[in-house]
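1. I would like the atomic coordinates for the input below:
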Amino acid sequence: MPYASMGTKLKKGTTAIADLTSIGGLDLSADTIETTTLDSQDGFRTYTGGLKDGGDISLSGYFDPTSHQGLYTDFVAGTKSPYTIEFPMGAKWSFDGIVTGYNTSAEMEDNISFEATIKVSGKPTLTVPPAV
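-> Modelled structure (predicted):
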């Protein structure tokens, strides 16, 4: 069943980041470690799971200096903070993250735009509400 995105929020701690138009999802990935040996069967390489990475969260929207100040402060300091992406149906991602990119842009006849990137640090947690 598809769900509408409207109402999705990104929170730093318990405070929602205002005026976002896009929140890029977690881009989870895992490395593999080759385990092939000279006596491996059938001539195929074999692997085992390696380290996992939570990826990056991309944000974009309209610049709100008050709401976005904490992201900028964390970017400058290299601070790791708790974040949550809350979806309207009640599911949510919780993770620690480090702001690795921060950008504002002003163009003729347009709103001042804002973009940021948050690197997920450690294991993210997906919470899914119980089925009704």
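2. tally of neighbours for residue 63?
-> The tally of other residues near residue 63 (other C-beta atoms under 10 Å) stands at 17. All C-beta atoms are positioned from the backbone trio N, CA, C, and that covers glycine.
3. right, and it touches residue 110 too?
-> No: using C-beta atoms under 8 Å, residue 63 is not in contact with residue 110, being 11.2 Å away.
4. residues contacting the spatially most central residue of the chain?
-> In the chain, the centroid-proximal residue (C-alpha atoms, centre = their mean) is residue 57; its distance is 2.8 Å. With contact taken as C-beta atoms under 8 Å, 6 or more residues apart in numbering, residue 57 is in contact with 10, 23-26, 83, 85, 97, 117-118, 120.
5. tell me how many other residues crowd residue 31.
-> A count of nearby residues for residue 31, using other C-beta under 10 Å, gives 10.
6. pop out the phi and psi values for it.
-> Main-chain torsions, residue 31, degrees, to the nearest 10: phi -80, psi 160.
7. excluding chain neighbours, what is closest to it?
-> Spatial nearest neighbour of residue 31, excluding adjacent residues (C-beta to C-beta, 6 or more residues apart in numbering): residue 50 at 3.4 Å.
8. mind listing what's buried along stretch 120-132?
-> 120, 124 (16 or more other C-beta atoms under 10 Å).
9. let me fix that: stretch 65-84
-> In stretch 65-84, counting by 16+ other C-beta under 10 Å, buried: 67-68, 70-71, 74-75, 81, 83-84.
10. for residue 67, which three-state class applies?
-> helix (DSSP: H, G, I helix; E, B strand; the rest coil).
11. does it really touch residue 17, like I thought?
-> Yes: counting by C-beta under 8 Å, residue 67 does reach residue 17; the two are 5.8 Å apart.
12. coming back round to it: for residue 3, see how far away the residue nearest to residue 31 is.
-> Remark: distance between residue 50 and residue 3 (C-beta to C-beta, to the nearest Å) = 33 Å.
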